[in-house]
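**Q** how would this look folded up:
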Amino acid sequence: IFILDEIHKIKSGKSSFWKPYLDVLLQVEGNIKNEKYVNGKEISTGSKAPSPFSVLSTMPIFYTPYHLELLKGSVVRETLRFRAEAIREEFTNLCMRVPEVRKFTLQEFMWARC
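**A** Alright, predicted model coming up:
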């Protein structure tokens, strides 16, 4: 939650001691992708603009359906499904108990947790 809050603070133009670190953290493979998959299922972020939380293709929890299909029959595929469900449930519970968490999207939360 701290990292997400700092990123939102930077995006809103406020300064942060953590900006240099977060700038490096958000640079994955030299570019930001705009795919929107979590555990092979397309999700909507409500925005067409690329986001620093865009899906990171190297993180298995964000694999596309194509890549998950390649894992068919593998324990990895089920592990990813269970992990995504656990993070989704954690996010839902946090949103119910800590209203400030609602300013983050599920995708942002999953990115931070991974």
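
**Q** Can you pull out the low-pLDDT segments for this protein?
**A** For the chain, applying pLDDT under 70 flags the ranges 27-58.

**Q** so where do the helices sit in it?
**A** 2-11, 19-25, 65-70, 75-97, 106-113 (DSSP state H).

**Q** need those helices in CSV with distance to M59, can you?
**A** Placement of C-beta: from N, CA and C, glycine included. As requested, those are exported to CSV (distance: least, CB to CB, whole Å):
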stretch, distance to M59
helix 2-11, 15
helix 19-25, 13
helix 65-70, 11
helix 75-97, 10
helix 106-113, 8
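
**Q** Please state the backbone phi and psi of the residue nearest to R77 when sequence neighbours are not counted?
**A** Leaving aside its sequence neighbours, R77 sits nearest to L71 (CB to CB, 6 or more residues apart in numbering; 4.2 Å). Backbone torsions of L71, given as degrees, to the nearest 10, read phi -90, psi 10.

**Q** In contact with L71: list those residues for me.
**A** L71 sits next to Y63, R77, L80 when contact means CB atoms under 8 Å, 6 or more residues apart in numbering.
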